Each structure stands twice: as C-alpha cells, then as structure tokens.
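Chemist: my questions are about this predicted structure, shown below with the sequence.
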Amino acid sequence: MAILIIYLLLVNIVAFGLMGYDKQLAKRKQRRVSERRLFLYAAIGGALGGWLGMRTYRHKTKHASFVYGMPALLVLNAACVFGLLRLL
C-alpha cells in the first residue's frame, strides 16, 4: 500500500508540474508539452495533479477535452485505487 501512495504522489506531482511548465512555454511561445502527454500522466494516476494544475495555472481551462476529460479521469483513477485497495 505504501508503494501505491508513493506512486500516486509522484505521478500527481509530475502532472501538476507539467501543467505549470506547459503554461510557461505557452507564454514564451515555445514548443509545448503535447496534450497527449498531459492526458497520459492523468490517465496513469495523475488526474488530480493535472486538474489542480489546470486550476492553479489557469491552463487548458477553455479546452472542453480538458474541462471534462480531467474530472472523468479523476473519477476513473479513484475507482481504480478503490478497486486496488479492496484487493489488498
């Protein structure tokens, strides 16, 4: 269980950081982090960090795929964690 908690903390920190990093790149008009990569980190357990990053940095908040996709992935992440915890 400790490994699961550490994994979730790390992947959420990375997802949060990627949102902030992508926002900085956008402001500087530089090459961006792909939306696919942002969604990948959300899908593998970092949806909470991605969603918090969206809100904190006010980033991707006008894209419907992120506005609805991140909360949907958060629900899916929570269901997966709940299922894993039931197995332990």
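Modeler: Perfect, I can see it now.
Chemist: residues contacting Leu73?
Modeler: Counting by C-beta atoms under 8 Å, 6 or more residues apart in numbering, Leu73 makes contact with 39, 42-43, 47, 50. Backbone N, C-alpha and C define where each C-beta goes, glycine included.
Chemist: if we go to 6 Å?
Modeler: Applying C-beta atoms under 6 Å, 6 or more residues apart in numbering, we find Leu73 in contact with 42-43, 47.
Chemist: state the distance from the closest residue to Phe39 other than its chain neighbours to Met1.
Modeler: Distances taken as C-beta to C-beta, 6 or more residues apart in numbering put Gly69 closest to Phe39, at 6.6 Å, once the chain neighbours are dropped. Remark: distance between Gly69 and Met1 (C-beta to C-beta, to the nearest Å) = 28 Å.
Chemist: for the longest helix along the chain, packing partners?
Modeler: In the chain, with assignment by DSSP state H, the single longest helix is helix 2-27. Using 3 or more C-beta pairs under 6 Å, 6 or more residues apart in numbering; DSSP states H and E, the elements in contact with helix 2-27 are helix 35-41, helix 47-57.
Chemist: name the helices or strands packed onto the shortest one?
Modeler: Helix 35-41 is packed against helix 2-27, with contacts defined by 3+ C-beta pairs under 6 Å, 6+ apart.
Chemist: endpoints of stretch 31-49, how far apart?
Modeler: Stretch 31-49 stretches 22 Å from its first residue to its last (C-alpha to C-alpha, to the nearest Å).
Chemist: buried set for that stretch?
Modeler: Within stretch 31-49, the residues that count as buried by 16 or more other C-beta atoms under 10 Å are 38-39, 41-49.
Chemist: nothing else from me, thank you.
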